[in-house]
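Participant: what shape does this take:
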Amino acid sequence: MTKNILIALLLIGTFGCKKSKLSDDDTNRYKWKRDLYRAVVEKEKPALFISRNGGTASDQPAIFVSSGVVVLTEYRKDTQQDSIFKASGKMLVYKYEKLERVEE
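Facilitator: Numbers count the residues shown, from 1 in each chain. Sure, this is the predicted structure:
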């Protein structure tokens with residue numbers, strides 16, 4: 001009985017403590033090139049991205065919408081990327097390219 005409880009607690013602790021997908025660096029600021037893409041609408045396939053990093057459910061490439069340069073920390077970049085992905089119903093995604101570190 002005690003052995004089963006200990007195993008259950010171990011399993012809960014192991015699977016309950018999942019690692020965050022977001023970066024923990026919220027102090028170093030970087031200049032990023034940010035591109036916004038929209039998923040392609042096709043006849044028989046869903047128009048959505050599979051992941052916030054830009055994998056599509058179809059064979060067609062994503063449609064480029066806009067581009068810009070922003071200054072963000074790694075953590076802020078990850079939260080923006082995650083929020084646009086979720087808020088758009090997985091139809092929009094930001095792709096970032098790190099340009100340089102910004103000194104205070």
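Participant: can you tell me the closest non-neighbouring residue to Arg52?
Facilitator: If the residues on either side of it in the chain are set aside, Arg52 comes closest to Phe85, at 4.0 Å by C-beta to C-beta, 6 or more residues apart in numbering. Just so you know, the C-beta spots here come from the backbone N, C-alpha and C atoms, and that holds for glycine as well.
Participant: burial of the one you found, as a residue count?
Facilitator: 20 (other C-beta atoms under 10 Å).
Participant: Tyr75 now?
Facilitator: Neighbours of Tyr75 under the rule other C-beta under 10 Å: 16.
Participant: same deal with Trp32?
Facilitator: By other C-beta under 10 Å, 24 other residues sit near Trp32.
Participant: where's it relative to Lys3, distance?
Facilitator: Distance of Trp32 to Lys3, given as C-beta to C-beta, to the nearest Å: 51 Å.
Participant: what's near enough to touch Asp26?
Facilitator: 73-76 (C-beta atoms under 8 Å, 6 or more residues apart in numbering).
Participant: what's the answer for Leu92, then?
Facilitator: So Leu92 contacts 36-39, 49, 65, 84-85 (C-beta under 8 Å, 6+ apart).
Participant: just the buried ones from those residues, in PyMOL syntax?
Facilitator: Restricted to buried positions by 16 or more other C-beta atoms under 10 Å, the PyMOL selection for the contacts of Leu92 reads:
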select buried, resi 36+37+38+39+49+85
